[in-house]
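Generate a structure from the sequence data that follows.
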Amino acid sequence: KVGSMKVASQNASEAQSMLQVADGAYGQVNNILVRMKNLATQAASGQTESLSTMNSEFVALQNEIDRIAGSTTYGNKKLTDGSTIPTVGVTFQVGPTNAPDNQINLKFSGAMTGCLGVSSSSSGICINSASDAQKAMSAIDLALSSVNAYMGEIGTYQNRLQYTIDNLSVGIENFQSSESTIRDVDMAEEMTTFTKNQILQQSGISMLSQANQSSQQILSLLK
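Below is the predicted model of the structure:
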């Protein structure tokens with residue numbers, strides 16, 4: 001059982017690592033969205049002379065979000081591209097039995113610009129004009145709220161897994177302690193039995209020796 005609990009603890013630690021990878025991606029997407037919001041806010045003031053330059057950066061940032069979200073993987077699993085992972089999830093065995101409460105399913109929401117509603121192609125989000133920039137500001141605010149919610153979900157998963165790891169550690173320690181106590185009790189009982197048998201054996205040898213001495217004394221008197 002201890003072996004299964006140790007493997008379950010390793011699985012939980014692996015799940016933690018997967019969550020950290022996804023959280024890192026969400027964090028970077030969040031930072032990019034903040035910069036996009038700043039550009040959109042600036043463009044919304046109608047500074048037409050710099051709109052082209054700002055929009056070029058804006059588009060580059062949209063592409064970077066898609067690059068990060070599309071390339072964030074753990075093993076061979078893409079985590080934040082909005083594929084099957086959000087609906088199916090990744091299940092980790094975090095307990096020694098096949099019971100449902102010994103498993104945890106991790107799901108990751110897509111962070112591509114299309115998933116967040118800030119895509120230039122599917123959502124038409126850009127800052128080519130003041131009105132476009134105002135539309136972009138609203139869309140980016142919603143995207144930021146979504147990403148913050150995703151990061152909150154990651155934190156919830158991490159807390160659950162940490163409690164699981166701590167609980168498994170306590171269980172392993174207690175099980176090993178119980179096993180050690182049982183072994184110690186068995187050893188003490190064996191030593192007691194061994195000592196008792198040794199004393200009986202020595203007593204028997206001593207009595208036999210005394211009997212032999214008595215017989216020899218009687219024979220010597222008869223001579």
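
where are the low-confidence patches of this structure?
For the chain, the stretches with pLDDT under 70 are 1, 47-48, 84-87, 175-197, 200, 202-223.

can you give me the helices for it?
For the chain, the helices defined by DSSP state H occupy 2-43, 51-71, 85-88, 113-116, 130-222.

In JSON lines: those helices, plus mean neighbour count and distance to residue 96.
The C-beta positions use only the backbone N, C-alpha and C, and glycine is treated the same way. Shown next, in JSON lines, are the helices of the chain (neighbours: other CB atoms under 10 Å; distance: least, CB to CB, whole Å):
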{"stretch": "helix 2-43", "mean neighbour count": "18", "distance to residue 96": "4"}
{"stretch": "helix 51-71", "mean neighbour count": "17", "distance to residue 96": "36"}
{"stretch": "helix 85-88", "mean neighbour count": "14", "distance to residue 96": "25"}
{"stretch": "helix 113-116", "mean neighbour count": "23", "distance to residue 96": "37"}
{"stretch": "helix 130-222", "mean neighbour count": "13", "distance to residue 96": "9"}
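
Out of those helices, the one nearest residue 95 is which?
With CB to CB, the closest approach to residue 95 among those belongs to helix 2-43: 5.3 Å.

now for that closest one, which elements pack on it?
Under the contact definition 3 or more CB pairs under 8 Å, 6 or more residues apart in numbering; DSSP states H and E, helix 2-43 sits against helix 51-71, strand 73-74, strand 90-93, strand 103-106, helix 130-222.

on that earlier part again, who wins for proximity to residue 122 among the helices of the chain?
Using CB to CB, these put helix 113-116 closest to residue 122, at 4.9 Å.

send the alpha carbons of the closest one over as PDB?
Only the C-alpha atoms of helix 113-116 are listed here, as PDB (Å, rounded to 0.1, in the frame of the first residue of the first chain):
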ATOM      1  CA  THR A 113      -7.100  35.400 -29.200                       C
ATOM      2  CA  GLY A 114     -10.100  33.700 -30.900                       C
ATOM      3  CA  CYS A 115     -11.000  32.000 -27.500                       C
ATOM      4  CA  LEU A 116     -10.700  35.300 -25.700                       C
END
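
Centre of the chain to that helix, how far?
Distance of helix 113-116 from the chain centroid (CA atoms, centre = their mean, to the nearest Å) equals 27 Å.

circling back: for the helices of the chain, which one sits closest to residue 99?
Using CB to CB, the helices of the chain put helix 2-43 closest to residue 99, at 11.7 Å.

Correct me if wrong: residue 54 contacts residue 127.
Yes - if you go by CB atoms under 8 Å, residue 54 and residue 127 touch, sitting 5.9 Å apart.

which residues are in contact with both of these two?
39, 43 (CB atoms under 8 Å, 6 or more residues apart in numbering).

Many thanks, we can stop here.
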